[in-house]
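Asks: I need the structure of the sequence given here:
(chains A, B, C and D)
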There are 4 protein chains.
Amino acid sequence: MVERSQPLSGDPAARVLVAGASGFAGALAAEIVWNHPRLELREATSRADAGLRIDELYPRYRASVEMTELDIDAVEHCEAAIVAYPHHASAPVVAGLRELGLLVVDLSADFRLRDPYVYREWYGELSAPALLGDAVYGLTELYRERIREAELIANPGCYPTATVLSLAPLAAAGLIADVVVDAKSGVSGAGRGGGDRLSFATLTENASPYGVGGHRHEPEIAQELAALAGEAPPLTFVPHLLPLDQGELVSCYVRPSREVSASELRELYADRYAEERFVEVVDRPPSVREVRDSNLCRIHVDRDAGGRILVFGVIDNLWKGAAGQAVQNLNLMLGLDEGEGLR
Amino acid sequence: MVERSQPLSGDPAARVLVAGASGFAGALAAEIVWNHPRLELREATSRADAGLRIDELYPRYRASVEMTELDIDAVEHCEAAIVAYPHHASAPVVAGLRELGLLVVDLSADFRLRDPYVYREWYGELSAPALLGDAVYGLTELYRERIREAELIANPGCYPTATVLSLAPLAAAGLIADVVVDAKSGVSGAGRGGGDRLSFATLTENASPYGVGGHRHEPEIAQELAALAGEAPPLTFVPHLLPLDQGELVSCYVRPSREVSASELRELYADRYAEERFVEVVDRPPSVREVRDSNLCRIHVDRDAGGRILVFGVIDNLWKGAAGQAVQNLNLMLGLDEGEGLR
Amino acid sequence: MVERSQPLSGDPAARVLVAGASGFAGALAAEIVWNHPRLELREATSRADAGLRIDELYPRYRASVEMTELDIDAVEHCEAAIVAYPHHASAPVVAGLRELGLLVVDLSADFRLRDPYVYREWYGELSAPALLGDAVYGLTELYRERIREAELIANPGCYPTATVLSLAPLAAAGLIADVVVDAKSGVSGAGRGGGDRLSFATLTENASPYGVGGHRHEPEIAQELAALAGEAPPLTFVPHLLPLDQGELVSCYVRPSREVSASELRELYADRYAEERFVEVVDRPPSVREVRDSNLCRIHVDRDAGGRILVFGVIDNLWKGAAGQAVQNLNLMLGLDEGEGLR
Amino acid sequence: MVERSQPLSGDPAARVLVAGASGFAGALAAEIVWNHPRLELREATSRADAGLRIDELYPRYRASVEMTELDIDAVEHCEAAIVAYPHHASAPVVAGLRELGLLVVDLSADFRLRDPYVYREWYGELSAPALLGDAVYGLTELYRERIREAELIANPGCYPTATVLSLAPLAAAGLIADVVVDAKSGVSGAGRGGGDRLSFATLTENASPYGVGGHRHEPEIAQELAALAGEAPPLTFVPHLLPLDQGELVSCYVRPSREVSASELRELYADRYAEERFVEVVDRPPSVREVRDSNLCRIHVDRDAGGRILVFGVIDNLWKGAAGQAVQNLNLMLGLDEGEGLR
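Replies: The predicted structure follows:
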């Protein structure tokens, strides 16, 4: 008989619905909930793959749960939901779940941009504007206290997670005169269903920039840098696709607003993240594989001979960049230990 | 200005149509024809990608030719065609081109199986049975003289090419009591359009058997072993998918019908392939990358302590396993040097 | 401060030495012990990398333990050891540790072959013949009861683990007339220090057979098949190197001693492994990635149209094929739950 | 019998020695010369692999030439040499060959930096300072006329080749106020012999920055930008290692000295490279695989909403970044067509 990898310790803190469990982020969210010692995976839904079990679709996962079509009656037995739908499709579902009183972590972009005009420019019309004011941006290390009180979390994009964590100490200190972010991501960041563009034959032994005309994660990064620094510094953001599955590296090149020494930089970062269990400041440039399948972000800061500040941050785009951070946030919303069920 | 990589030497030996030029094998066939010193790529067609140039769809290729929808008037300016359509779709197109008098090399399975009952069992109803008798099986090293006279070539599948070349000397010598073929292929062998099953995220760091219930290349291998040996020996054929793009390795395990020494085996293979420029018998197990982007097949034969014969063969599935061999055959049909335009 | 990922629950069941912790298998063994809820990683040693911490050498691991040179005084504070030395180097160290009374799991080949003449043929002179009789072959699913009582475990090689688990039900039922094992392994199976032969530039987009003249895991497989079947069936074993890191697939082709139906086969395997938590019989061919970073072995059995039995087994060569199984065995020796600390 | 892939057309233009033919760049240089219609590969030397044939060491190559130890008598039958030694080791060999009157293309860094003080700072003491003044920097598209007359070429590094070609139009137009170069390279750029650092197990599914403290290609880039612009603009250069074999992508982020439109930029690049056969200006971001195994450099220029100029350039680091460009230069020195023998 298939069983949870660990028994629930006492009553579950919440029965959880994962909506959109057949995509990469949704499936991992369901898997983490399945293995979580205090959560119960009550329902996992999928439009395209209803009827399949998660561990059939992804045989490396253990969640032996048959996916269903989203059904409001089943939902009523849940106290919380993680929604992994595409933008636009997500907002109405989130609104429905909120009406039923569920705590919701939304992985889409629908509630990430606080300014509806910016949302409209990048994504088109907002579908649930009334909820926008309720949503808390779920970059845990920046908004922890508000997340504890929140009922709706807009879980950040993978690039904003890595980039904002890498730049937050500089932005808060007013040190960024301008910044170039050269981001590199594994293929899973693009999700399922990419067809030939994401096929092995296309991507092996290959690498290229994409989204050069403007990537939708850029306004999200700008919003958070502005929140930290007072106003957004000039930002150039270019993502690149790498021949690997899970993992993301952001290389940030900052022209500082004043001269700053390497030791001052190291101290700034060490202080900022001293108490954070999922952010580690390291003394050499990190590589993406060292955080694979974990909720960690590792950051290295340095400056070059010309005085430019270099910051390198790595995450697993599906963990800290999506499903891992979603559970980290849900733990906080439920009053649990933030790291429960996470590596 | 984009130009052919080498100028045609004098009048072309033939103006060539490549039908189905947007798939992996068709595109490479078009590219080889484009670079061929004696052939002119007159037309390249595609149903789904008409309007695109081949070098736009595959930026690593040089063929600066806009793909069109197949049009019988354009075809009339051609003397030869390479058809890279799926089975069933291919036969009617081949029939039409043959009526117009074009020499045709067909990359599909539609004319490979000489016994229509076997075809029906594996693929369903035959669409152009009248042509079946005219088609010559295009494994060049086995049927060279008939290919020179042929007007329609059934170009072999990639697995049959590697397997039959690896086993032909044994089969012809009546040495195969039974044989297991454990085949391993790169992803391009599965063609375009495989969706999530062929995505990078699915295949990287992965490997698995597939088609275990019976792969369509099995009757083709059996047919050719029977032609060589008088009757087909018991055959087990299992393909595996590897995390690489182009390349194929067949590991053949033969229980011999009589005891045979390693030196006798080496001599048998050396003799059989001494005059072949695209088949090389080597004295160590080959690796797939050493024949990548070439029309070569490399073969190593050995026997183990228990007396079993081991044969390892490698090809590039898109070259010798498809488009390269197609041009090799077309060269012969046109009276050209067999290796013209091939690496 | 760096901490264990989970606190020890009460007193440790044993303080453990990992000798040879800088190699792939040794480092993973140390990492598993570090994260184990009932074991304490007391010492990790390395000849070449003493002074480095394990998590410096392998930044994806958490074991924040500085490796030392092996020192008999430090050892005295330990009750158990996992030794990950090369063959020949291992036996004297094992002998020394046994004299001090430590329980030992040895990852080398030094105690795997029960017949010293066979050992000599494949590896040369035995260094600690006196201990040979004490060693229990650590294929957990075959020797569980003896492992519970053992003080010295000869942990199996990765290929024998996957192959013998895949063939054991057939061997025990006397069903193997002869067998071909076409094995495929990721690169980590070859260990560190392989130089250009194991470089990324050599192996990417590549695959090849190796050890064709006879691989040292062959006598180990033969020994275990003989133990199960009464005598060893004719065996051909050929390993292949794949372009992936961790993972191993064995494709076993069995000529049966009598006709056997697919349903009989499925029942045989389902019965044999019904109670095993780390062996899963699955109803489709498995892929290597689905057991990555886990101690699982997944097996699929089928027969082809010609009556040959096909068995496909996958493991992670560093987990079930080395360090994971070592801890599984150590758990049993210490009276702990067999799966403690393992995924 | 093994033969050259194409017969020499008439007398060779030169008999060529390749010194250091067992490394990645040297072996490819030998292979290109071997296949070159106007050059004869007279000698290939190697310190570590003398006695081996190039096509044994690299079975994907065709050059059936046994490598020898460097011997001055053999050299006397040659008119030209390509030297692929490490820096410091190269200069004395180059000096010896020049004394014998051979034309030399040197792949090392020993003659690239025109200012001996800069060389000393990055590499240590110069070994053949007398020759420094004779060497022409072999970035063909910048120094073509001087290369035709040169007897000693300092062949550029791979990063400088891609970067300087990508930035030359901007530098020459005085448009660079400052520039960040985020470079990404396949593993072959690091050469043979990297041990565990370059092993498949280390690099698969991984990516990281390296040489963050200052990479030796940085002063070479600065030198050439200064030569074009009058003085070197502020430059930040950070290379990253990608999990692929051959291929290099430079992403250049330029703060312009004045506002410049996208169309002006496109025109600037189109004009600069209109006559260049190995530099192609393309209208979408290029990917590394599209220039693999070719001597091409493809460049795309754009500007973002904030006015920053983005330039992306791709090359094959072993072709245009090393051996291909070496033969391109040798062709010019010998009065041959620049593209002879190159793809």
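Asks: pick out the residue of the stretch 1-150 of chain A closest to chain C.
Replies: A:P59 (3.8 Å; Cβ to the nearest Cβ). (Glycine included, C-beta is placed from N, CA and C.)
Asks: show me what contacts that residue?
Replies: Listed by Cβ atoms under 8 Å, 6 or more residues apart in numbering or on different chains, the contact set of A:P59 reads C:P286, C:S287, C:E290.
Asks: let's see it at 6 Å
Replies: With contact taken as Cβ atoms under 6 Å, 6 or more residues apart in numbering or on different chains, A:P59 is in contact with C:E290.
Asks: A:P233 now?
Replies: A:I176, A:D178, A:V179.
Asks: now those in CSV, with distance to C:G339, neighbour count and pLDDT?
Replies: Shown next, in CSV, are the contacts of A:P233 (distance: Cβ to Cβ, whole Å; neighbours: other Cβ atoms under 10 Å in any protein chain shown; pLDDT from 0 to 100):
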residue, distance to C:G339, neighbour count, pLDDT
A:I176, 49, 23, 98
A:D178, 53, 17, 96
A:V179, 48, 28, 98
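Asks: of those residues, closest to chain C?
Replies: Using Cβ to the nearest Cβ, A:V179 comes nearest to chain C of these, at 26.0 Å.
Asks: buried ones in the one helix or strand A:I147 maps to?
Replies: According to DSSP states H and E, A:I147 maps onto helix A:140-149. Neighbour-count burial for helix A:140-149, counted by 16 or more other Cβ atoms under 10 Å in any protein chain shown, picks out A:T140, A:E141, A:L142, A:Y143, A:I147.
Asks: list the contacts for A:I82?
Replies: By Cβ under 6 Å, 6+ apart, A:I82 lies in contact with A:V18, A:A29, A:V105, A:A326.
Asks: can you pick the most crowded of the residues you listed?
Replies: A:V18 (36 neighbours; other Cβ atoms under 10 Å in any protein chain shown).
Asks: tell me the secondary structure for that one?
Replies: strand (DSSP: H, G, I helix; E, B strand; the rest coil).
Asks: nearest residue to it in space, please, no chain neighbours.
Replies: A:A30 (4.2 Å; Cβ to Cβ, 6 or more residues apart in numbering or on different chains).
Asks: which one of the buried residues of helix A:140-149 sits closest to chain B?
Replies: Checking these against chain B by Cβ to the nearest Cβ gives A:T140 as the nearest, at 25.7 Å.
Asks: for the residue in the stretch 1-150 of chain A that chain D sits nearest to, give its distance to A:A227.
Replies: Proximity to chain D, evaluated over the stretch 1-150 of chain A using Cβ to the nearest Cβ, is greatest for A:E121 at 11.3 Å. Counting by Cβ to Cβ, to the nearest Å, the separation of A:E121 from A:A227 is 18 Å.
Asks: among the contacts of A:I82, which ones are in strands?
Replies: Among those, the residues falling in strands (DSSP state E) are A:V18, A:V105.
Asks: and the contacts of A:I82, which is closest to chain B?
Replies: Within the set of the contacts of A:I82, A:A29 lies nearest chain B; the separation is 16.4 Å, counting by Cβ to the nearest Cβ.
Asks: quick check: the residue nearest to A:A326 when sequence neighbours are not counted vs D:A74, distance?
Replies: Leaving aside its sequence neighbours, A:A326 sits nearest to A:V105 (Cβ to Cβ, 6+ apart; 4.6 Å). A:V105 sits 72 Å away from D:A74, going by Cβ to Cβ.
Asks: circling back: isn't the residue nearest to A:V18 up against A:E43?
Replies: No: using Cβ atoms under 6 Å, A:A30 is not in contact with A:E43; the gap is 9.4 Å.
Asks: tell me the residues of the stretch 1-150 of chain A that contact chain C?
Replies: Within the stretch 1-150 of chain A, the residues that sit near chain C (Cβ under 6 Å from any Cβ of the partner chain) are A:P59, A:R60.
Asks: more neighbours, A:A30 and A:E43?
Replies: A:A30 (32 against 23).
Asks: which residues touch the more buried one?
Replies: A:V18, A:A21, A:L41, A:A44, A:I54, A:A63.
Asks: double-check that the third one belongs to a strand.
Replies: Yes: with three-state DSSP as the criterion, A:L41 is part of a strand.
Asks: what's the pLDDT at the residue of the stretch 1-150 of chain A closest to chain D?
Replies: Note on A:E121: pLDDT of 93.
Asks: nearest residue to it in space, please, no chain neighbours.
Replies: A:P219 is the one closest to A:E121 (Cβ to Cβ, 6+ apart), at 7.6 Å.
Asks: try A:I54
Replies: Here the residue nearest A:I54, using Cβ to Cβ, 6+ apart, is A:A63, at 4.2 Å.
Asks: wait, doesn't that neighbour sit right on A:E31?
Replies: Yes: under the criterion of Cβ under 6 Å, A:A63 makes contact with A:E31 at 4.9 Å.
Asks: pLDDT value on A:V104, please?
Replies: Per-residue pLDDT puts A:V104 at 98.
Asks: picking that back up, and A:E121 and A:A227? which has more neighbours close in?
Replies: Using other Cβ under 10 Å, the more surrounded residue of A:E121 and A:A227 is A:A227, with 18 against 12.
Asks: looking at this, that one is in a strand?
Replies: No: A:A227: not assigned to a strand; according to three-state DSSP it is helix.
Asks: roughly how far does it sit from A:R120?
Replies: With Cβ to Cβ as the criterion, A:A227 and A:R120 are 20 Å apart.
Asks: cool, A:A89 as well?
Replies: 17 Å.
Asks: quick one: which of those two has more around it?
Replies: A:A89 (16 against 12).
Asks: sec struct for the residue nearest to that one when sequence neighbours are not counted, please.
Replies: Excluding its sequence neighbours, the residue lying closest to A:A89 (Cβ to Cβ, 6+ apart) is A:S108, at 7.5 Å. Using three-state DSSP, the structure places A:S108 in coil.
Asks: for A:S108, list the residues it contacts.
Replies: Contacts of A:S108 (Cβ under 6 Å, 6+ apart): A:Y85, A:H87, A:S90.
Asks: residues near the second one, how many?
Replies: Burial of A:H87, expressed as a neighbour count using other Cβ under 10 Å, amounts to 19.
Asks: residues contacting it?
Replies: Here A:H87 is in contact with A:S108, A:A109, A:D110, A:Y123 (criterion: Cβ under 6 Å, 6+ apart).
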